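>>> structure for the following, please:
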Amino acid sequence: MATAPLSSMTAVAPLQQGGGDALRPNIILFMVDDMGWQDTSVPFWNKRTPLNNTYETPNMERLASEGMLFTQAYASPISSPSRCSLMTGANAARHRVTNWTLRRNESTDLDDDVVATPDWNVNGIVQTDHLQTGIADNGNAVEHAFACTSFVELLRKNGYHTIHVGKAHWGAEGTPGERPEHFGFNVNIAGHAAGGPATYLSEQNYGHDSLGRAISPMATPDLERYWGSGTFLTEALTQEAIRTLDQWKVQRIQTNAPFYLYMSHYAVHIPIDRDMRYYQKYVDKGLSAKEAAYASLIEGMDTSLGELLDWLDRNGEAQNTIVIFMSDNGGYATGSYYRDEPLYTQNAPLRSGKGSLLEGGIREPMIVRWPGKVKPNSRCDKYLLIEDYYPTLLEMGGIKKFDVPQTIDGRSFMPLLAESGDPSRGRSLIWNYPNVWGNEGPGISLNCAIRRGAWKLIYNYKTHEKELYNIETDISEEHNLAGQYPRLVRKLSRELSQKLRKMNAQRPYVKATGLPCPWPDEVK
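Residues are numbered from 1 along each chain as shown. Next up, the predicted model:
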């Protein structure tokens, strides 16, 4: 664990929020890995579904009753692109970390017989300032990486005590970007290059052998005190977060520093290990062993949320703390080793899941609680994209003006929280995934997409197929209307292509010719 002691921080005068007398709020961003839109007892649709009745997430229900539920919050289809957009405010098409990262200078793309994937930023993102174009690494700039100033660094420079617990997945192993400390975190617990855990089980030392050596690049660091204790990984991370918050509380009087906690769980990413605190309950409810294990991961995550909410209540911090719940991509729905068949139905009524540009891969559960600012038990049906978190979190922290080297594509969703406007009115959301993921399924790999109003167009670089859906009337994307609305297809193809070109986005290449695959507006 890397830690900068609170006592070493400079005390700062509290900024004012909107001209009021309140101190700047604490912020908790509670990020879940691979959690689908329906992996909860909270209905994010206009009706309850069988999945809502299967899972038990009472603390999500609690949070939703006290805050605002977002029904159309979007992310990228894969972890690293989403998390890099969160940290940079840039769309994945712009920062070019379009697939998941792991080892330095190594692509995680699988091979395709027809097309070759582009030379994307396989090393992720790196921290810099406005005078640099890269970050020094033994005297050399990191290649195949996107240089940025993270919002966390800006929060830290403006007096926030910044805490990272859990998954990072912003930079490849062996690059500065693998370490959360390099992005402005005062404290880092368990964050490194890996995008998932080797195991959730302390009996297996979270992926280490008896000598303490990592037996997998996915081995979770910094948790030696829990080895062999029977503590599930989700609970160990929660205990570490609470221990760190207790330390912050002791020093709060001297430092006057609010905290930003990024509680970034590895759950519910594979491997789907059984959280035995909850597993048997779901077996007794009639779920298969696979699905009961998955449900136990979900409820364990929800318990973590409740323990953090309880800490805020117990310590008198609830009224001055913003709590945001979000997932980084859709639920896992492509592998029968971990999920029951039929596949691609695990996020119903949404189609497909993680890795897909269909709704099941990119629509996420999101809730925001902000006492005194956000109306309890409220609901927002406007859409937003994960890069919007960057300006929003800074605005929450009283930082509205900042100078960073990267282009910020995100728009603050503060007006949505205040119910005072719609920053996405007339806005199109853009996705670009010119890569080949490890699993196959509907809407997965080698594609790009645009959402404008009710309409969504998906274009496949390899097959040149175009799919057009009215999301408001066909949330399951069962009816491809491209043949019925050719003018709309051309219009959206043109806008999508123009935005991708403007962002200097990448596309695959045809192996036989060496030429890039055509943009959407180059195909009828």
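>>> just the helices in this structure please.
For the chain, applying DSSP state H gives helices covering 50-54, 58-66, 79-88, 92-95, 151-157, 233-255, 279-284, 289-314, 359-362, 389-396, 414-418, 486-502.
>>> closest to residue 371 out of those?
Closest approach to residue 371 among the helices of the chain is made by helix 58-66 (7.6 Å; Cβ to Cβ). From N, CA and C alone the C-beta is placed, and that goes for glycine too.
>>> what packs against that closest one?
Secondary-structure packing of helix 58-66 (3 or more Cβ pairs under 8 Å, 6 or more residues apart in numbering; DSSP states H and E): helix 289-314, strand 321-327, strand 363-369.
>>> can you redo the ones you listed as CSV with mean neighbour count?
Shown next, in CSV, are these (neighbours: other Cβ atoms under 10 Å):
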stretch, mean neighbour count
helix 289-314, 21
strand 321-327, 24
strand 363-369, 25
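>>> select, out of these, the one closest to residue 399.
Per Cβ to Cβ, nearest to residue 399 of the helices and strands packed on helix 58-66: strand 321-327, 13.9 Å.
>>> straight-line length of stretch 333-348, end to end?
One end of stretch 333-348 sits 10 Å from the other (Cα to Cα, to the nearest Å).
>>> where does the stretch 1-150 of the chain dip in pLDDT?
1-22, 129-140 (pLDDT under 70).
>>> same list, the helices of the chain, but as JSON lines with distance to residue 321 please.
As requested, the helices of the chain are exported to JSON lines (distance: least, Cβ to Cβ, whole Å):
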{"stretch": "helix 50-54", "distance to residue 321": "27"}
{"stretch": "helix 58-66", "distance to residue 321": "12"}
{"stretch": "helix 79-88", "distance to residue 321": "19"}
{"stretch": "helix 92-95", "distance to residue 321": "30"}
{"stretch": "helix 151-157", "distance to residue 321": "14"}
{"stretch": "helix 233-255", "distance to residue 321": "10"}
{"stretch": "helix 279-284", "distance to residue 321": "30"}
{"stretch": "helix 289-314", "distance to residue 321": "5"}
{"stretch": "helix 359-362", "distance to residue 321": "28"}
{"stretch": "helix 389-396", "distance to residue 321": "11"}
{"stretch": "helix 414-418", "distance to residue 321": "15"}
{"stretch": "helix 486-502", "distance to residue 321": "36"}
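>>> deepest in the core, which of those helices is it.
Among the helices of the chain, helix 359-362 has the highest mean neighbour count (mean count of other Cβ atoms under 10 Å), at a mean of 31.
>>> what packs against it?
So helix 359-362, by 3+ Cβ pairs under 8 Å, 6+ apart, packs with no helix or strand.
>>> now it: mean pLDDT?
For helix 359-362, the mean pLDDT works out to 98.
>>> show me the contact partners of it.
Helix 359-362 is contacted by residues 36-37, 74-77, 329-331, 333, 344, 346-347, 350-356, 431, 443-444, 471, 475-477 when judged by Cβ atoms under 8 Å, 6 or more residues apart in numbering.
>>> and it, how far from the chain's centre?
Its chain's C-alpha centre lies 13 Å from the corresponding centre of helix 359-362 when counted by Cα atoms, centre = their mean, to the nearest Å.
>>> now swap in stretch 69-76 and tell me
11 Å.
>>> now stretch 445-456 - C-alpha only, PDB.
Provided in PDB are the C-alpha atoms of stretch 445-456 (Å, rounded to 0.1, in the frame of the first residue of the first chain):
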ATOM      1  CA  SER A 445     -15.900  -6.400 -31.700                       C
ATOM      2  CA  LEU A 446     -14.900  -4.300 -34.700                       C
ATOM      3  CA  ASN A 447     -17.600  -1.700 -34.500                       C
ATOM      4  CA  CYS A 448     -18.600   1.900 -33.700                       C
ATOM      5  CA  ALA A 449     -21.900   3.500 -32.700                       C
ATOM      6  CA  ILE A 450     -23.800   6.700 -32.200                       C
ATOM      7  CA  ARG A 451     -26.800   7.500 -30.000                       C
ATOM      8  CA  ARG A 452     -28.800  10.600 -30.800                       C
ATOM      9  CA  GLY A 453     -32.100  11.100 -29.100                       C
ATOM     10  CA  ALA A 454     -34.100   7.900 -29.400                       C
ATOM     11  CA  TRP A 455     -32.000   6.600 -32.300                       C
ATOM     12  CA  LYS A 456     -28.900   4.400 -32.200                       C
END
